[in-house]
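J.: Prediction below, plus the sequence it came from.
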Amino acid sequence: MLKLSNISMEFGALKTLNDLSIELKEKEIVSVIGPNGAGKTTLFNVITGLYKPTSGSVKLGSQEMLGLSPAEINRAGIARTFQNVRLFLNMSVLENVMSATFGRTRSGLFSSALGLKRSRKEEAEVKEKAQELLKFFGTRLTGYRWDQPAFSLSYANRRRLEIARALATDPKVLLLDEPAAGMNPKETQEITEIVGSLRAERGLTILIIEHDMHVVEGVSDRVVALDYGVKIAEGDFDHVATHPDVVEAYLGKGSTATK
Amino acid sequence: MSNLGIGTDEWVAQHEERLASQSPLKKLFARIPLWAKWGSFFLIAFLFGMLSDNQYLLRVGVNLALFIMLSYGLNIVVGYAGILDLGYVAFYGFGAYGYALLSSEQLGQHWPTYVTVPFITILTAILGYLISLPSRRLFGDYLAIVTLFFGQVFVQLVLASDNITFPWADDYVDITAGSNGIPGLDTFNLFGYIFDDIKDYYWLLMVIVLVLTVAIHRVSATRIGRAWRTVREDALVSEVMGVSVKRVKTLAFVAGATIAGFAGTIFAGMQTSVFINGFDLPLMVMIYAAIILGGSGSLAGALIGAIIMTILPELLRVPNYGAILFFVALLLTFFVLSKKFSRFLIYVVSIILIGFAFQLAMKAIGVTQANAEDWVVGFTGDLLKNWLFVPENRILWGNFAFILLLSLIAFFSIAKPIWKHVLLPFIGFTAIFLWEVRLIADVSTTRQLIIGAMLVVLMILRPQGLFGQTRVEIL
């Protein structure tokens, strides 16, 4: 589904990603772990077109993503969330989600201004779709909250809203950057369930960066560990978590492998 | 593993209860449908057009309508899309000069109105597109500087284009008449109907403003409008979420420019003359003031802001209205600062006593008093003429008072609370003195001072503007 081959990303002398290859099969959930500065977010930025890698290729299906603009990559079917939640804070909850349908809708300046039938129909559809997506998170993001500005939301709700917004772009592949960061254990548990149901109900392929090992263990089909931009281990959770290189990367040389 | 399910939210469940505790006035205003609020404005404008034949008032109405067009346009660029365009007014000037050149003896062209206006409007749109090309890569302050430059380039080009040498012409060619401006333009003539009355423009503009209101309202609530706001909020995320940021920004820029250019052509036809100083920074500042005052990013705000910025300066032409505004503002300030009514009364009495003391002191050192007829302008002067000592040399003493007032205010802002109580009556007296001695007679300066002071106060009390929504930068 998503195939990254031999990606290198250099900022001057700093090699953030070094000859990295990862492949995601359809409907697979893969976690990327690694210490701070390992290059996980850089990897996301390369996939979504925010950074142009020094070399390598990113393929969605058979289509090459490198060279496309971030908006084009999104329309091809890759959506993401951000580590430091980046919502459109001064827009309403509903608008945040509705705005992400831009690439899938057509209404132009004039058809909107004239209030043409197809433009009104499209607007109604977009609204219904957004409400549908927000209902996915229970009642928290529904009802009067639709019209509240996003900045009035709690941290956990912002993270949920960000996921809903990413879903509104109709992605095939979803990239989640630390979805459980800053959440309490109950909310973390819920995020785990949500990630699972995203695949079950929507058939999404998911690449997820996460530090919380409960989440990683709970959701991943496969885990990839990075350190200094190099893939140091890959496989199922138990394999990677006990891999000596991974333990060394997190805890330093000479540590005992513990889980 | 606990069975969490996907959550319910108590805060959401209690929403109805919280609504019930809102103030009744707020609830009433919320219950009036949107079309009724807007409709009332257009109804008033319509009735006014039907009933009034006052040329002066109709002209104010026409100026207001043009100003509304400008603030609508700028609201799209700055309010929705967040593009800080300081050269916006150049598009207005371009529209006006474009019309002027094709409808006067300046170039000997007299194109029919129904060709000139669309032609110039489209030309402005193209110009807007060209200028958006370098501008759309930039953000915030950098963009502001670049667009400011474009605005000034327009002014300088018009000023300098009155003697151009072409290789094929022997003599200087005068295109724009430079600072002399272009007089004697043709008024609008639509298929034989000549706009020879200000009322014709009034009706034309009313229809245009109505159409623009509906159109912009629709656009802002739907796909393109949302995209504009996402670009304002966070252009990078917007791009990652599939919005073609560059295209959307250009669209906002061009839409704003087109409206301004269109307004420019109407202005030129109505005024039948154009002068470059009408399209320079002062007007730019006024349009910005209007949308900031009304609430950037709100269509109703752009309308209200335009109304305030047009009507208020007109009202302040009359010294009595200015005086009312000044004294009401002064009393209100004192009332707010005193916090207690008893203290407020002490302030007022102190000011009165300071006035008498000032009178005695001035007479004691032998300063000549001015005749009441020389300085009494409005009714407040009549009321105060036996209390306030006005020296004969009003300019000198007025200037003293101005410096004294500013120093007192400066002291006030850093003084200990106890000294603030002492300083306040003196500030009040100096302000009244300055007002009666200098400001009330100098209407053109006073207007701007009052508008400026009003903006400062409003921005402190309500930074989001009258109709704007509270905004956050980072949370």
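T.: Now that the structure is in, tell me what you want to look at. The structure displayed is predicted, hence computed values, not measured ones.
J.: Tell me how far the residue positioned nearest the centre of chain B lies from residue B:227.
T.: Nearest to the mean C-alpha position of chain B, counting by Cα atoms, centre = their mean, stands residue B:290 at 3.0 Å. Counting by Cβ to Cβ, to the nearest Å, the gap from residue B:290 to residue B:227 is 25 Å. Every C-beta, even on glycine, is put in place using the N, C-alpha and C of the backbone.
J.: what does residue B:338 give?
T.: 49 Å.
J.: hmm, who's touching stretch A:221-235?
T.: A:9, A:15-22, A:28-35, A:37-40, A:42-43, A:216, A:236-237, A:239-241, A:243, A:245-246, A:249 (Cβ atoms under 8 Å, 6 or more residues apart in numbering or on different chains).
J.: Ramachandran coordinates for residue B:112?
T.: phi -70, psi 150 (degrees, to the nearest 10).
J.: wait, residue B:86
T.: Taking degrees, to the nearest 10, you get phi -90, psi 0 for the backbone angles of residue B:86.
J.: what does the helix or strand containing residue B:301 contact?
T.: Using DSSP states H and E, residue B:301 falls within helix B:299-315. Residues from elsewhere that reach helix B:299-315, judged by Cβ under 8 Å, 6+ apart: B:37-38, B:41, B:60, B:63-64, B:67-68, B:70-72, B:74-75, B:79, B:213, B:216-217, B:220, B:286-287, B:289-295, B:321-322, B:447, B:450-451, B:454, B:465-468.
J.: which of the residues you listed come close to chain A?
T.: residue B:216 (Cβ under 8 Å from any Cβ of the partner chain).
J.: can you give me phi and psi for residue A:115?
T.: With angles defined as degrees, to the nearest 10, residue A:115 sits at phi 70, psi 40.
J.: Residue of the stretch 151-259 of chain A closest to chain B, please.
T.: residue A:151 (4.6 Å; Cβ to the nearest Cβ).
J.: tell me the contacts of the residue nearest to residue A:87 when sequence neighbours are not counted?
T.: Among residues not flanking residue A:87 along the chain, residue A:150 sits closest, at 4.5 Å (Cβ to Cβ, 6 or more residues apart in numbering or on different chains). With contact taken as Cβ under 8 Å, 6+ apart, residue A:150 is in contact with A:87-93, A:96, A:158, A:161.
J.: about what we covered before: just confirm the residue of the stretch 151-259 of chain A closest to chain B contacts residue B:233, I think it does.
T.: No: Residue A:151 is not in contact with residue B:233 according to Cβ atoms under 8 Å; the separation is 10.2 Å.
J.: Mind checking which of the two has more residues around it?
T.: Shown here are residue A:151 and residue B:233; by other Cβ atoms under 10 Å in any protein chain shown, residue B:233 has more neighbours (20 against 17).
J.: Send me the helix holding residue B:301 as CSV with only the CA atoms.
T.: In CSV, the C-alpha atoms belonging to helix B:299-315 read as follows (Å, rounded to 0.1, in the frame of the first residue of the first chain):
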residue,chain,number,x,y,z
LEU,B,299,-19.0,40.6,7.5
ALA,B,300,-21.3,42.4,9.9
GLY,B,301,-18.3,43.9,11.6
ALA,B,302,-17.0,45.2,8.2
LEU,B,303,-20.4,46.8,7.7
ILE,B,304,-20.6,48.4,11.2
GLY,B,305,-17.0,49.5,11.0
ALA,B,306,-17.6,51.2,7.7
ILE,B,307,-20.7,52.9,9.1
ILE,B,308,-18.8,54.2,12.2
MET,B,309,-15.8,55.3,10.2
THR,B,310,-18.0,57.2,7.7
ILE,B,311,-20.7,58.6,9.9
LEU,B,312,-18.6,59.6,12.9
PRO,B,313,-16.2,62.0,11.1
GLU,B,314,-19.3,63.6,9.5
LEU,B,315,-21.0,64.0,12.9
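J.: Give the buried residues for the helix or strand just after that helix.
T.: Downstream of helix B:299-315, the first helix or strand assigned by DSSP H and E is helix B:319-338. Buried residues in helix B:319-338, counted by 16 or more other Cβ atoms under 10 Å in any protein chain shown: B:319, B:322-323, B:325-327, B:330, B:333-334, B:337-338.
J.: Worst mean pLDDT across the helices and strands of chain A, which element?
T.: Sorting the helices and strands of chain A by mean pLDDT, DSSP states H and E puts helix A:244-251 at the bottom, at a mean of 87.
J.: starting at the chain centroid, how far to that one?
T.: Computed by Cα atoms, centre = their mean, to the nearest Å, the chain-centroid distance of helix A:244-251 equals 25 Å.
J.: Give the buried residues for that helix.
T.: Neighbour-count burial for helix A:244-251 flags A:246-247, A:249 (criterion: 16+ other Cβ under 10 Å).
J.: cool, stretch A:15-31 as well?
T.: For stretch A:15-31, burial by neighbour count (16+ other Cβ under 10 Å) applies to A:15-18, A:20, A:22, A:24, A:28-31.
J.: give me the element the nearest residue to residue B:272 once chain neighbours are set aside is part of.
T.: Of all residues not flanking residue B:272 in the chain, residue B:185 sits nearest, at 4.6 Å (Cβ to Cβ, 6+ apart). Secondary structure from DSSP H and E places residue B:185 outside every helix and strand.
J.: Tell me how far residue B:185 lies from residue B:69.
T.: From residue B:185 to residue B:69 the distance is 19 Å (Cβ to Cβ).
J.: Same check on residue B:392?
T.: Look at residue B:392 and residue B:69: by Cβ to Cβ, they are 49 Å apart.
J.: could you dump the buried residues of helix B:319-338 to a markdown table with pLDDT?
T.: Below are those laid out as a markdown table (pLDDT from 0 to 100):
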| residue | pLDDT |
| --- | --- |
| B:319 | 77 |
| B:322 | 81 |
| B:323 | 84 |
| B:325 | 82 |
| B:326 | 84 |
| B:327 | 88 |
| B:330 | 87 |
| B:333 | 84 |
| B:334 | 86 |
| B:337 | 82 |
| B:338 | 80 |
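J.: Now residue B:273: closest residue in space that isn't a chain neighbour?
T.: Spatial nearest neighbour of residue B:273, chain neighbours left out: residue B:183 (4.3 Å); criterion: Cβ to Cβ, 6+ apart.
J.: show me what contacts the one you found?
T.: Shown in contact with residue B:183 (Cβ under 8 Å, 6+ apart): B:104, B:272-273.
J.: Now rank the residues you listed by neighbours and give me the top one.
T.: Highest neighbour count within those, by other Cβ under 10 Å: residue B:104, with 21 neighbours.
J.: how about the helices in chain A?
T.: Counting by DSSP state H, chain A has helices at residues A:40-47, A:70-76, A:93-99, A:109-114, A:117-135, A:155-167, A:185-202, A:213-219, A:237-241, A:244-251.
J.: Tell me the one of the contacts of residue A:150 nearest residue B:258?
T.: Checking the contacts of residue A:150 against residue B:258 with Cβ to Cβ, the nearest one is residue A:91 at 25.3 Å.
J.: Model confidence score at the nearest residue in space to residue B:177 that is not next to it in sequence, please.
T.: Once flanking residues are discounted, residue B:177 sits nearest to residue B:162: 5.5 Å by Cβ to Cβ, 6+ apart. pLDDT, residue B:162: 85.
J.: State the distance from the residue lying closest to residue B:453 once chain neighbours are set aside to residue B:88.
T.: Using Cβ to Cβ, 6+ apart and skipping the chain neighbours, the partner closest in space to residue B:453 is residue B:329 (7.6 Å). From residue B:329 across to residue B:88, the span is 30 Å (Cβ to Cβ).
J.: Select only the buried ones of the contacts of residue A:150 in ChimeraX?
T.: Command for ChimeraX that selects the buried part of the contacts of residue A:150, burial taken from 16+ other Cβ under 10 Å:
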select /A:87,88,89,90,91,92,93,96,158,161
